[in-house]
Structures are given as structure tokens and as C-alpha cells.
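>>> coordinates for the following, if possible.
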Amino acid sequence: MPEPSSRSVAFRFAITEMARVEEARLSIQLVLKPGEILETPNARVVLGADRLELGPDEIAGVIRHHGWSLKVDPSARLLWPVYPTSPPQTTAGQN
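Below you'll find the model as predicted:
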């Protein structure tokens, strides 16, 4: 990885084929919070509790948030929210 500058950090991932490479996926966890604004060249959304899925057409290779930009592969997708295991369950009406 190249040394970061005061304005950017470049990183690149290589996926090593161990099975079917066409099924390979990489996830990057971004720290986003409800109420914050996320922008792309083709979308501007306020993050909330409702599920949000931005596909390649909306992302258009760039995600912007809090003054930073992330350049991504043209096929990248963004899913919000993503929980580590499963979404929180409510128990309304149960004792």
C-alpha cells in the first residue's frame, strides 16, 4: 500500500482464487450513522432506519461522506444498514 498523503490514502485489494472467482466478494465497512448525508454523482440520500440499496447506476464509481470521497469499482453496491449478525428484533406486545 502506498504511503498516505495528507489528502489521500490509496489501497487496492487482490482476491486470490481459492474457489469460483466469479462468486468472490469484498465488503468494506463504512462508519455511517442515521441522519447523515451520503452523496454519489447520481444520488443524495439521508441515511435512516429504512433499508437503502444503491446500485452501480446510483453510485457511478464514487461515494462521498463527511468531506471524504471513496472511488469504487463501477459494479460496486452500497447496502444500508448492515448488521453484524441480524437486525435488532422488537418484542412489542410481548411480556
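>>> give me the neighbour count for the closest residue to residue 29 other than its chain neighbours.
Taking CB to CB, 6 or more residues apart in numbering, and ignoring the residues beside it in sequence, residue 29 has residue 82 as its nearest neighbour in space, at 7.7 Å. No exception for glycine: its C-beta is placed from N, CA and C like everyone else's. As a burial measure, residue 82 scores 12 neighbours (other CB atoms under 10 Å).
>>> now residue 6
4.
>>> just the one 5 residues further on next, same as before
If you count neighbours by other CB under 10 Å, residue 11 ends up with 8.
>>> next up, the contacts around the residue nearest the centre of the chain.
Centroid-nearest residue in the chain: residue 78, 4.3 Å away (criterion: CA atoms, centre = their mean). By CB atoms under 8 Å, 6 or more residues apart in numbering, the contact list for residue 78 reads 38, 52-54, 59, 63.
>>> let's see the ChimeraX selection covering just the buried ones among these.
This is the ChimeraX syntax for the buried subset of the contacts of residue 78, where burial follows 16 or more other CB atoms under 10 Å:
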select :38,52,54,59,63
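>>> in a markdown table: the contacts of residue 78, plus pLDDT and secondary structure.
Output for the contacts of residue 78, formatted as a markdown table (pLDDT from 0 to 100; DSSP: H, G, I helix; E, B strand; the rest coil):
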| residue | pLDDT | secondary structure |
| --- | --- | --- |
| 38 | 95 | strand |
| 52 | 92 | strand |
| 53 | 94 | strand |
| 54 | 95 | strand |
| 59 | 96 | helix |
| 63 | 95 | strand |
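>>> among the contacts of residue 78, which two are most distant?
Farthest pair in the contacts of residue 78 (CB to CB) is 53 and 63. Separation: 13.4 Å.
>>> sorry, back to before: residue 30: which of the contacts of residue 78 is nearest?
residue 63 (7.7 Å).
>>> just to check, the closest one is in contact with residue 69?
Yes - applying CB atoms under 8 Å, one finds residue 63 in contact with residue 69, separated by 7.1 Å.
>>> confidence score at the residue nearest to the centre of the chain?
Note on residue 78: pLDDT of 92.
>>> repeat for residue 94
For residue 94, pLDDT reads 47.
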